[in-house]
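**Student:** how would this look folded up:
(one chain, ligands or ions: 1)
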Amino acid sequence: MAEDLKIIEGTKEDQYKSLLPQIKGLLEGETDIVANLANVAAALKEQFKWLWIGFYLVKNTELVVGPFQGPVACTRIKKGRGVCGTSWAEAKTIIVENVEKFPGHIACSSLSRSEIVVPIFKNNEVIGVLDADSELLNHFNETDKKYLEAIINEISFD
Ligand code: SME
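**Tutor:** I've put the predicted structure just below:
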């Protein structure tokens, strides 16, 4: 595994296209889930410099924060609460253009302006979510959805 990431400039699509094979390389041959989630969060943070990027994992009735990069975050989120809990309850990706307009948004950082949350599935059940927050309004779109879902698909949760 190459330990250093090649960071590029370019369109969002260009950046994901450069990052995806590198993430595959990082994950190759490693089965430890914490290690893999930590490296995926770090790789996304290095390329995109988002405010916060990381994982919440389902533990009983709550999401519990997992590996992430960024400011300290809320530790536990109940199903149906906030963007993360809503993504879990509805089992779908949620793009929030303006967090102030999302009822129940949980503001872990007052700097966050927009957000995307992608559910992680195992055997058709949501077992966690990937959450990315930006200091910019309306920062995430269908390109992020497509590639973040593809990145999650590369991670083995067995
Ligand atoms: N904003 C999220 C909470 C998690 S933090 O942003 C890291 C939410 O509303 O679910």
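
**Student:** isn't Ile151 up against Ile23?
**Tutor:** Yes: the pair Ile151 and Ile23 qualifies as a contact (C-beta atoms under 8 Å) at a distance of 5.7 Å. C-beta: built from backbone N, CA, C; applies to glycine.

**Student:** between the two, which contacts overlap?
**Tutor:** Common contacts of Ile151 and Ile23 (C-beta atoms under 8 Å, 6 or more residues apart in numbering): Val40.

**Student:** residues contacting Leu148?
**Tutor:** Thr93, Ile116, Val118, Leu130, Ala132.

**Student:** just give me the closest of those to Arg76.
**Tutor:** Closest approach to Arg76 among those (C-beta to C-beta): Leu130, at 17.1 Å.

**Student:** got a list of what that closest one touches?
**Tutor:** Ile53, Gly54, Phe55, Val117, Val118, Ile120, Leu148, Ile151, Ile152.

**Student:** among these, which are located in strands?
**Tutor:** Ile53, Gly54, Phe55, Val117, Val118, Ile120 (DSSP state E).

**Student:** among these, which two are most distant?
**Tutor:** Longest span within those, C-beta to C-beta: Ile53 and Ile120, 14.0 Å.

**Student:** which of the contacts of Leu148 ranks first by neighbour count?
**Tutor:** Neighbour counts for the contacts of Leu148 (other C-beta atoms under 10 Å) peak at Leu130, which has 27 neighbours.

**Student:** any idea how far that one is from Glu115?
**Tutor:** 11 Å (C-beta to C-beta, to the nearest Å).

**Student:** follow-up on the earlier one: and the ones in strands among the contacts of Leu130 as a markdown table, adding distance to Thr86?
**Tutor:** Converted to a markdown table, the ones in strands among the contacts of Leu130 look like this (distance: C-beta to C-beta, whole Å):
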| residue | distance to Thr86 |
| --- | --- |
| Ile53 | 19 |
| Gly54 | 17 |
| Phe55 | 16 |
| Val117 | 8 |
| Val118 | 12 |
| Ile120 | 15 |
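
**Student:** and the residue of the protein nearest the ligand?
**Tutor:** Gly82 (2.7 Å; C-beta to the nearest ligand atom).

**Student:** could you find the closest non-adjacent residue to that residue?
**Tutor:** Excluding its sequence neighbours, the residue lying closest to Gly82 (C-beta to C-beta, 6 or more residues apart in numbering) is Ile106, at 3.6 Å.

**Student:** Trp88 too?
**Tutor:** Per C-beta to C-beta, 6+ apart, closest to Trp88 is Val126, 5.0 Å.
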